[in-house]
Structures are given as C-alpha cells and as structure tokens.
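1. predicted coordinates and the sequence they were generated for:
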Amino acid sequence: MQNISAALRNKFFQREEMEFLELESFIEDNKRFYLTPTGEKYPSVTTVLGSASDKRWLYEWRKKVGEEKANKISNHAATRGTRLHTMCEKYMLNDESFADKQMPLTLEMFKSIQKYIDMVDIVYGNEIPLYSHDLKTAGRTDLFCQVGGKNAILDFKTSSRRKDEKDIESYFLQATTYCLMIEELKNIEVPKIIILIAVEGDRPQYFIKSTSHYKDKVRKIFKTYQG
C-alpha cells in the first residue's frame, strides 16, 4: 500500500544549491545576534524589525485574554509553525518520508498550500544563513528559489485567521531584507518576495510583491537602528 508521503508527493524539485557560510547565533539581553564569518556581531533581522514595529496591540491582547491563555495560544502557534515549516522543508529537499508521522493539523495545512509550493521552479536553498555589512544584520530565510523564471525569497507563515495585507507589512519587510542580503553576498538580483500563509481551518493566502517597493523603507529602518 502506498504510504502517505508517496501519496502526497506531486513533484520532485530541481535543486541548484548555492553556498552560504554558516553563522553562529546566540541570545544576549533577550535579543538574537549572529557572528559573521569576519567576526562582526549583528542583531537578527527580526530583532531590528521588531524594534521598529508598534507592539501595543500585543500588550493589549495579552492583557485582554490573560497571561495563561496568551501563553497557551502563543505556544500552539509556535509549535504549529515549526511543524509545518519542517514538513515543507523536507518536501522541498525531496525527502521520501516528508509526511510520515506528521500531526493531522500539519498535514491539513500542508495540503492547503501544496499547490503554491509546487509552483517553485528551482530551489537554491532552504534555511539559508545570511548577513549584510551594509544593513549590519543577519538571519535565516526559509527558502531562496526561482518562481516564474525570477529569483525569489519565499517565507512560510501560519495563522489562526486570515490576515489583512495592511497588517503584515513586517512580513514583506523581512523578506525584502533577505533579498538585499543575497544581492550583497552573491551580486545577483532577487526581484520577488512571496509570503505563503497557511490558515488553520481556512483557505491559504499567497502574496507576491516586488522587492523594489520595500527596499528604501528597509534601508531606513536598519540605518535608524544603527543610530
């Protein structure tokens, strides 16, 4: 009998691995930092972008629902995201057992976004470590790939509800930052960012944007953070 991974597999991905140097990461003052290959200590992309965002809604939400419930919801969201991300990564690594022993929710959410994942033409790398001396930051991107004949950063997200585009600008800024780092490190253009959101119990959301729309704002945020 065909196993679940074989039954779910729609394609094997063309992989043209690009080499990126591994980075050491550590936590300091509740913030993540990375050491570059040349010894610089840079804050993570999410640390910098988080400092530039308005978190009042988060504080108000935690106050409204209570700390215990807020922690329970946050832990569920983190676990859900990690499990789906791992499954997507294995799928794109052409792992023949990518769906084995996965939780029902993970399988359901994967199925909802699979057709969008299958639109990837070439995979250049998963979980790529990146840094920028220009932006003075570092981090990891979910996926560097080619879609529709153009280089792209694709970030996987999960959510308990559908998102309004105006509320997820941070996703586009994060993906654009990764594009800028690849352009600096590899001297190649990455004109496209893609945000793929698996929504629990609902239809997924798929956003494609041009990096040119966000580059100036990204540079301004990181310059301001540097002081």
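-> Noted; the coordinates are in hand.

2. every contact and neighbour count from this point should use C-alpha atoms.
-> Fine.

3. report the secondary structure state of the residue nearest to residue 14 when sequence neighbours are not counted.
-> Once flanking residues are discounted, residue 14 sits nearest to residue 122: 5.1 Å by CA to CA, 6 or more residues apart in numbering. Taken by DSSP: H, G, I helix; E, B strand; the rest coil, the conformation at residue 122 corresponds to strand.

4. tell me the contacts of residue 122?
-> Counting by CA atoms under 8 Å, 6 or more residues apart in numbering, residue 122 touches 13, 14, 15, 16, 145, 146, 147.

5. restricted to strands, list these.
-> The strands, defined by DSSP state E, take in 14, 15, 145, 146, 147 from those.

6. how near is the residue nearest to residue 14 to residue 190?
-> Here the criterion is CA to CA, to the nearest Å. By it, residue 122 lies 14 Å from residue 190.

7. how about low-confidence regions in this protein?
-> In the predicted model, the chain carries pLDDT under 70 at residues 1-2, 54-59, 61.

8. show me the strands in it, by range?
-> For the chain, the strands defined by DSSP E occupy 14-15, 24-28, 31-35, 41-43, 120-132, 137-147, 150-159, 192-199, 205-210.

9. same list (those strands) but as a markdown table, adding distance to residue 52.
-> Formatted as a markdown table, the strands of the chain follow (distance: least, CA to CA, whole Å):
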| stretch | distance to residue 52 |
| --- | --- |
| strand 14-15 | 36 |
| strand 24-28 | 19 |
| strand 31-35 | 14 |
| strand 41-43 | 13 |
| strand 120-132 | 18 |
| strand 137-147 | 14 |
| strand 150-159 | 20 |
| strand 192-199 | 20 |
| strand 205-210 | 21 |
